[in-house]
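Novice: output the structure for:
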Amino acid sequence: MNTGTYHHALLQYRYSQILGEVMNVGLIVYFPSQLYNQYLSVFQH
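Specialist: Numbering: from 1, shown residues only. So this is what the prediction gives:
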């Protein structure tokens with residue numbers, strides 16, 4: 001089991017800032033100890 005640290009950021013598409021409407025489009029995860037990035041999409045390709 002890997003107990004290392006990671007950082008993440010949620011990617012959002014803001015289609016109406018006035019109304020505050022957003023759509024989550026993906027997640028970026030970064031593992032600094034392994035120098036590895038992973039992009040996870042909410043859409044199926």
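Novice: and residue 11, how far from residue 31?
Specialist: 18 Å (CB to CB, to the nearest Å). In this view, the C-beta of every residue, glycine as well, is placed from N, C-alpha and C.
Novice: tally of neighbours for residue 41?
Specialist: 10 (other CB atoms under 10 Å).
Novice: mind checking pLDDT for residue 34?
Specialist: Looking at residue 34, its pLDDT is 76.
Novice: burial of residue 20, as a residue count?
Specialist: When counting by other CB under 10 Å, one arrives at 7 neighbours for residue 20.
Novice: could you pull up the contacting residues of the nearest residue to residue 23 once chain neighbours are set aside?
Specialist: Leaving aside its sequence neighbours, residue 23 sits nearest to residue 13 (CB to CB, 6 or more residues apart in numbering; 4.8 Å). Shown in contact with residue 13 (CB atoms under 8 Å, 6 or more residues apart in numbering): 22-23, 25.
Novice: ok, of these, which one's closest to residue 7?
Specialist: Residue 7 has its nearest neighbour among those in residue 25, at 18.3 Å by CB to CB.
Novice: low-confidence ranges in this structure?
Specialist: Low-confidence segments of the chain (pLDDT under 70): 1-3, 39-40, 42-45.
Novice: dead centre of it: give me the residue that sits there.
Specialist: Closest to where the C-alpha atoms of the chain average out (CA atoms, centre = their mean) is residue 27, at 1.6 Å.
Novice: in its sheet, what does the strand or helix carrying that one sit against?
Specialist: Assessed by DSSP states H and E, residue 27 sits inside strand 21-31. Here strand 21-31 has these sheet partners by DSSP bridges: strand 7-16 (antiparallel), strand 36-41 (antiparallel).
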